[in-house]
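Model the following, please.
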Amino acid sequence: MKQTCEIGCECERIEQMIRHTLWSSGAKGFVVGISGGVDSALAAVLCARAVGGERVLGIALPSPVTPDADLRDGKDLCAAFDIPFKTIPIEPMLSAFAGMEGFEKNSYLSGNLMARIRMTTLYYHANRLHYLVCGTSNRSEYMLGYSTKYGDSAADIQPILHCYKTRVYALAKEVGVPAPIIEKPPSAGLWPGQSDEAEIGLTYATIDSALISLEANNWTASNAQEELILGKVQASMHKRMTPPNLLEIP
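Model (predicted):
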């Protein structure tokens, strides 16, 4: 019972932040990129609970390798929470970049390009509707740098950025995210069969355990796994910092 109450209170706290952000900005609602995964599902549901589904726009941005199940799950999620849903394939935009002089195609460049195209599209529709872009990043991936600068890391609000991935699952169950979304292997959908845990080389349970231990011990590693995670945290520090500048604010 205590755990349930704690999770419920956490959801209410996030929803209050979402409402305050919307009201203080003067915006009309939120745009959320719906990937079919648990992070975007949780963010969208929290926004809908906070301000009403009619003030949230869910946009799926499939590439040629996006599984049909992800599109179906995203559409079903939005229908269940009365969130308007739109599908905008990004293949035409990817093809336009492919015609650029000096264009190179590999999984690293393509993955970052897709992330930035998707965020540009979300901001276009947010600008059009006078909405804010709701980010879907979690703390585990944020600390490891498992994100794209000005791609999935860009947003006007990040409601679950403080939540480790294992915590995301607990909150998702609490707010009623459908089981097919919660149970599927996490994937950025960068290529067929891509898995986040396989790409990182560790499970989220292992990552979260190491991050929690490191944070509790002043970022001093006590074993080989923590040493590995700490190296990733240090190498990606530039992604969590504002751009260096010499501007002095009087």
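
can we go C-alpha only for contacts and neighbour counts from here?
OK.

Please state the offset of the helix or strand bottoming out on mean pLDDT in the chain from the chain centre?
The weakest-scoring helix or strand in the chain, judged by mean pLDDT, DSSP states H and E, is helix 196-200 (a mean of 73). Distance of helix 196-200 from the chain centroid (C-alpha atoms, centre = their mean, to the nearest Å) equals 16 Å.

Wasn't residue 86 part of a strand?
Yes - assessed with DSSP: H, G, I helix; E, B strand; the rest coil, residue 86 lies in a strand.

doesn't residue 58 make contact with it?
Yes - taking C-alpha atoms under 8 Å as the definition, residue 86 is a contact partner of residue 58 at 6.3 Å.

Neighbour count: the two, which is higher?
residue 58 (25 against 16; other C-alpha atoms under 10 Å).

Next, that one: phi, psi?
phi -100, psi 130 (degrees, to the nearest 10).

Name the nearest residue to residue 172, sequence neighbours excluded.
The spatial neighbour of residue 172 that comes closest, neighbours along the chain excluded (C-alpha to C-alpha, 6 or more residues apart in numbering), is residue 42 at 5.4 Å.

Tell me which other helices or strands the one helix or strand the one you found maps to touches.
In this assignment (DSSP states H and E), residue 42 forms part of helix 38-51. On a contact count with 3 or more C-alpha pairs under 8 Å, 6 or more residues apart in numbering; DSSP states H and E, helix 38-51 meets helix 2-25, strand 30-33, strand 56-60, helix 165-175, helix 179-183.

how far does that helix sit from the chain's center?
11 Å.

How much space separates the most centrally placed residue in the chain from residue 168?
With distances taken as C-alpha atoms, centre = their mean, residue 136 lies nearest the centre of the chain, 2.6 Å away. Taking C-alpha to C-alpha, to the nearest Å as the measure, residue 136 falls 11 Å from residue 168.

can you list residues touching both of these two?
Residues touching both residue 136 and residue 168 (C-alpha atoms under 8 Å, 6 or more residues apart in numbering) are 39, 160.

List the contacts of the least confident helix or strand of the chain.
With C-alpha under 8 Å, 6+ apart as the test, helix 196-200 has contacts from 185-188, 203-204.

Specify which member of those is nearest to residue 128.
Nearest to residue 128 among the contacts of helix 196-200, counting by C-alpha to C-alpha, is residue 188 at 26.6 Å.

Any figure for the gap between residue 230 and residue 203?
15 Å.

ok, back up a step: moving C-terminal from the least confident helix or strand of the chain, which element do we reach first?
Following helix 196-200 toward the C-terminus (DSSP H and E): helix 204-216.

ok, residue 63 touching residue 90?
Yes - the criterion here is C-alpha under 8 Å, and residue 63 meets it with residue 90 at 5.5 Å.

Are there residues contacting both of these two? Which ones?
Residues touching both residue 63 and residue 90 (C-alpha under 8 Å, 6+ apart): residue 114.

Off-centre distance for stretch 230-243?
That offset, for stretch 230-243, works out to 17 Å (C-alpha atoms, centre = their mean).
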